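Colleague: Model the structure of this input:
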Amino acid sequence: MFVLAAIVASPASAAFPGRNGLLAVQPVSGGGVLLVNAQGGAERRICTDRSRCGTPRTPRWSPDGRALVFTAPTIHLIYPDGSCLNCTMGAAGTPAFTANPALVTFDSGGKLLEDGIDGIRKATIVGGPFSAAVWSARGELAVARGGSVWAGSPHHLRRITTGSAPSWSPSGSQLAVARDGWVLVVGVRNRSVKRLVRGGAPAWSPDGKSIAFIGAGHHLLIVPASGGLARRVGNVRGVSVDWQPVPRTPPAACVAPPGSKVLASSSTAVVTSDSSSASTAAMGCLLGDGRERFLELLSSTPGETAQGVSAAGVGDGYAALANGFDDLHYGNLSDTVAVYDLGTGAIVPGMGGEVANCSQSCVSDDIDQVVVGPGGVSAAHVNYSIPPYSGSNPLTGISCPSASLCVAVDGVGHLFTSTDPTGGAWAETNMPGLVAVTCPSVSLCVGVTEVTQALGGAISSIYASTHPAGGSGEWYPVYTADGANNALTDISCASTSLCVAVDDSGSIITSTDPAGAPGQWTAANVDGTSELPAVSCPSVSLCVAADTNGHVVTSTNPTGGTSAWQAVNATASGTVGPQSVSCPSSNLCVGLGPNDDLFTSTNPTVGGSWSVTNTGLALDAIDCPSTSLCLAVGGEGALDASTDPASGAWTAYQIDNARDLSSISCASSTLCVAGDAVGDVVASANPTGGSAAWSATAIDGNPCSAGTSCIIEQIIASDSTGVHFLDSASEPAIAPPSLTALSLSGYRLTWDHDGSLESAELH
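Modeller: The predicted model follows:
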């Protein structure tokens with residue numbers, strides 16, 4: 001008798017009224033939870049995957065019979081098919097549902113605590129510790145503590161009897177308890193005691209007529225609640241048991257925790273959120289099956305404050321949530337979209353990722369609308385609030401593959417395109433902050449972001465477009481750097497079948513299919529830990545990169561990996577090498593150094609030598625469209641031009657009203673376009689014709705000038721091919737929005753841009 005009592009004294013259960021359903025058993029061996037009917041049939045074992053469910057202990061049914069809770073040792077809420085309602089709660093003991101199927105209690109830190117099924121703390125019920133704590137259908141509590149069973153209202157518990165493992169009768173008038181190897185039935189009001197059968201761990205049936213228990217040899221048995229002979233339930237052997245209530249009327253579908261608010265709903269699904277002082281949890285539910293699923297918990301950390309869910313959308317069995325965080329160290333705000341499968345609660349790999357990042361140059365950001373559709377495709381409407389300021393952004397990169405296309409970027413999220421670069425017509429759109437761009441043809445442009453913010457931290461990426469004249473909506477990510485310490489710095493494409501990027505950790509990243517899907521790029525370290533600020537590839541059989549330690553790194557087989565690249569010293573000891581380089585052919589490369597130095601090589605292949613001359617000009621960017629024309633630009637409008645760069649003959653001009661020039665690209669000897677530090681492009685059809693041959697056009701203006709705050713809007717979408725910036729607009733803060741009516745029907749996304757219907761097809 002003593003051995004039996006020791007084995008089965010701890011587990012407890014609670015019977016909620018209804019028809020008798022399945023018995024949930026903690027098996028003696030084999031793990032998981034065993035479900036079986038009262039006759040011993042339909043036996044099945046769920047939650048056997050220990051990586052997901054751990055080792056379940058004392059499973060207990062919810063009052064509506066839809067879910068089970070157990071400790072493993074973390075608390076798990078599961079459905080009878082073994083899928084998770086919430087499998088992410090913390091470690092605690094004695095978990096049980098209250099009479100509300102959206103609330104659970106558990107013993108933690110010597111107290112009985114109450115959480116919603118989403119893990120948000122609701123209350124501290126009473127002090128502990130307990131070996132069991134279970135609830136009646138009338139909301140009364142029974143606990144086992146100090147060898148006795150106590151029952152009553154949570155704040156007025158009375159000692160009922162000695163024993164353990166209490167189980168309420170469906171009416172709440174009696175308790176079945178374990179004492180000294182026997183199952184007893186005790187009256188809660190009059191404390192009458194009836195010894196029923198040898199065994200322990202009792203569980204009252206929902207119809208009140210029977211009690212299941214664990215007998216000798218750990219066999220599962222059932223005995224009439226009024227007394228009589230016990231019978232075995234098949235050959236089931238267990239440690240604890242609880243009996244599923246099947247309500248006589250269908251329970252309400254999609255029961256969210258008390259206090260939750262609806263974030264988004266449709267005719268088929270609903271998403272709710274529940275918040276405490278430091279956390280916000282989101283739950284999703286498909287109305288067709290009525291099952292709540294935990295989606296996410298946003299919690300503040302010492303360096304980051306969770307701002308909650310700013311927008312949510314549901315559609316086609318998926319939910320999209322925009323989650324906000326405030327970086328307490330750098331002052332940045334960010335919202336990021338995550339997409340969840342409402343059938344499982346799991347995040348959808350590869351979907352979502354739309355992001356709004358507010359750096360120190362803006363007041364706030366907000367994703368105020370998200371839509372989601374089949375397969376988890378989604379789109380978001382983003383707002384940035386920008387304070388008034390003076391000045392504009394320097395154009396950090398520019399590329400003109402022909403007279404009919406130029407593309408410029410400013411490094412802070414603006415892309416500019418022109419099909420008539422000398423005519424002053426430029427289109428502006430917003431997208432990730434490309435710092436460098438190269439276009440080997442009018443049908444391919446590739447650019448790099450030096451650092452962008454994304455879910456998980458600062459990263460650097462490569463974007464490509466096969467229709468660059470179409471604006472930012474035609475660009476898509478094709479490569480993401482491995483970690484925040486590998487910032488991409490420059491890129492060069494010899495053709496549409498070879499692009500080479502460099503980073504600040506001595507690596508080159510190459511692709512022979514730069515416009516293809518992600519996964520077509522390969523990284524190789526070629527220069528130790530040296531930063532590589534520049535690269536130029538005149539052909540598929542030669543690429544030249546410059547580092548910050550006075551070396552050039554060259555390869556005649558750029559995709560051949562580390563061993564295919566060789567570094568040579570391009571400078572005298574102790575001097576800084578080229579920081580910008582342009583190679584029009586395998587017979588000529590010209591580079592610029594930070595100390596007014598000009599580097600030239602007529603043999604830039606592996607092992608070639610370089611000559612150095614001082615120009616006396618602070619030059620920052622260079623482009624050589626041919627071996628008979630090179631142009632370099634720099635501070636105070638400096639332009640140095642040469643029609644014979646190999647000989648070292650250069651002519652200096654001053655253009656652009658002495659504004660600093662930061663980038664240049666020449667489509668040919670009859671079209672060169674430079675970008676300056678205040679957002680102007682300076683173009684010439686006769687680039688060696690002197691100062692008068694160049695004219696400036698402002699393209700990167702300040703939308704918040706003249707003391708007026710403004711709003712910048714974006715439409716960003718995500719599908720199986722990546723994240724896409726589709727549209728943007730800016731207007732004074734007091735003006736109505738320009739981008740409205742965002743809608744997704746199947747894979748077709750539509751929105752209104754100042755009265756014009758726009759659309760995009762997602763995949």
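Colleague: Please name the spatially closest residue to A67 (chain neighbours excluded).
Modeller: In this structure, A67 finds its nearest non-sequential neighbour in L85, 5.3 Å apart by Cβ to Cβ, 6 or more residues apart in numbering. Every C-beta, even on glycine, is put in place using the N, C-alpha and C of the backbone.
Colleague: Contact partners for the one you found?
Modeller: 67, 77-79, 117, 291-294, 345 (Cβ atoms under 8 Å, 6 or more residues apart in numbering).
Colleague: let's see 6 Å
Modeller: 67, 77, 292 (Cβ atoms under 6 Å, 6 or more residues apart in numbering).
Colleague: Quick one: classify the nearest residue to T740 once chain neighbours are set aside as helix, strand or coil.
Modeller: Leaving aside its chain neighbours, T740 sits nearest to D752 (4.8 Å; criterion: Cβ to Cβ, 6+ apart). Here D752 takes the strand state, with states given by DSSP: H, G, I helix; E, B strand; the rest coil.
Colleague: Over to G350?
Modeller: Taking three-state DSSP as the rule, one finds G350 in the coil state.
Colleague: related to what we said a few turns ago, can I get the contacts of L85 in JSON lines with neighbour count?
Modeller: Formatted as JSON lines, these follow (neighbours: other Cβ atoms under 10 Å):
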{"residue": "A67", "neighbour count": "24"}
{"residue": "L77", "neighbour count": "24"}
{"residue": "E292", "neighbour count": "29"}
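Colleague: what would the residues you listed look like in TSV with distance to A677?
Modeller: Listed next are the contacts of L85 as TSV, based on distance: Cβ to Cβ, whole Å:
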residue	distance to A677
A67	62
L77	58
E292	55
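Colleague: Among the residues you listed, which ones are in strands?
Modeller: Using DSSP state E, 77, 292 are the members of the contacts of L85 that sit in strands.
Colleague: between the contacts of L85, which is closest to S461?
Modeller: E292 (36.3 Å; Cβ to Cβ).
Colleague: What residues does the closest one make contact with?
Modeller: 85, 283, 285.
Colleague: how about a cut-off of 10 Å?
Modeller: 66-67, 77, 79, 85-86, 101-102, 117-118, 253-257, 260, 270, 272, 283-286, 342, 345 (Cβ atoms under 10 Å, 6 or more residues apart in numbering).
Colleague: same check, this time on I160
Modeller: Counting by Cβ under 10 Å, 6+ apart, I160 has contacts 142, 148-152, 166, 175, 177, 186-189, 191, 193.
Colleague: So among these, which ones count as buried?
Modeller: Those of the contacts of I160 that meet the buried threshold are 142, 149-151, 166, 175, 177, 186, 188, 193, by 16 or more other Cβ atoms under 10 Å.
Colleague: Can you tell me which of those is nearest A760?
Modeller: After measuring the buried ones among the contacts of I160 against A760 - Cβ to Cβ - the closest member comes out as A142, at 59.3 Å.
Colleague: That closest one is in contact with A151, isn't it?
Modeller: Yes: at 4.2 Å, A142 counts as touching A151 under the criterion of Cβ atoms under 10 Å.
Colleague: which residues do the two both contact?
Modeller: Counting by Cβ under 10 Å, 6+ apart, the residues touching both A142 and A151 are 134, 136, 157, 160, 166, 168, 172, 175, 177, 186, 188.
Colleague: S691: how many residues sit nearby?
Modeller: 13 (other Cβ atoms under 10 Å).
Colleague: Show the backbone phi and psi for it.
Modeller: Phi and psi for S691, reported as degrees, to the nearest 10, are phi -60, psi -40.
Colleague: Walk me through the domains of the chain.
Modeller: Domain ranges of the chain: 2-246, 253-388+703-763, per automatic domain parsing.
Colleague: mean pLDDT for those domains: which is lowest?
Modeller: Lowest mean pLDDT within those: domain 253-388+703-763, at a mean of 85.
Colleague: so how far is it from its chain's centroid?
Modeller: 12 Å (Cα atoms, centre = their mean, to the nearest Å).
Colleague: Determine how far the last residue of that domain lies from the first.
Modeller: Distance between the two ends of domain 253-388+703-763: 33 Å, counting by Cα to Cα, to the nearest Å.
Colleague: what lines up beside the longest strand along the chain in the sheet?
Modeller: Criterion DSSP E: the longest strand present in the chain is strand 231-246. Here strand 231-246 has these sheet partners by DSSP bridges: strand 19-27 (antiparallel), strand 219-224 (antiparallel).
Colleague: Distance-wise, check A494 relative to S276.
Modeller: 57 Å (Cβ to Cβ, to the nearest Å).
Colleague: re earlier: indicate which one of the strands paired with strand 231-246 is closest to A312.
Modeller: strand 19-27 (33.6 Å).
Colleague: Can you tell me which helices and strands the very next helix or strand once past the closest one packs against?
Modeller: Using DSSP states H and E, the helix or strand that follows strand 19-27 in sequence is strand 33-36. Here strand 33-36 touches strand 19-27, strand 44-46, strand 57-61, strand 68-71, strand 231-246, going by 3 or more Cβ pairs under 10 Å, 6 or more residues apart in numbering; DSSP states H and E.
Colleague: neighbouring contacts of strand 33-36?
Modeller: 21-28, 42-48, 53, 56-57, 59, 68, 70, 72, 76, 78, 80-82, 220, 233-234, 236-238, 241-242, 244.
Colleague: what's the burial count for the nearest residue to G561 once chain neighbours are set aside?
Modeller: Of all residues not flanking G561 in the chain, A524 sits nearest, at 4.8 Å (Cβ to Cβ, 6+ apart). Residues contacting A524 under the criterion other Cβ under 10 Å number 17.
Colleague: Go ahead and confirm A524 touches S505.
Modeller: No: at 11.5 Å, A524 does not count as touching S505 under the criterion of Cβ under 10 Å.
Colleague: Distance of C53 relative to G516?
Modeller: Counting by Cβ to Cβ, the gap from C53 to G516 is 40 Å.
Colleague: more crowded one of these two?
Modeller: Applying other Cβ under 10 Å to C53 and G516 shows that C53 carries more neighbours, namely 21 against 12.
Colleague: Hmm, Q174 is touching R189, no?
Modeller: Yes: the criterion here is Cβ under 10 Å, and Q174 meets it with R189 at 9.3 Å.
Colleague: contacting residues around G411?
Modeller: G411 touches 393-397, 433-436, 449-451, 662, counting by Cβ under 10 Å, 6+ apart.
Colleague: same thing with G147?
Modeller: Per Cβ under 10 Å, 6+ apart, neighbours of G147: 9, 131, 162-164, 179.
Colleague: go on, T605?
Modeller: Contact analysis of T605 by Cβ under 10 Å, 6+ apart lists 541-542, 544, 554-556, 566, 586-587, 589.
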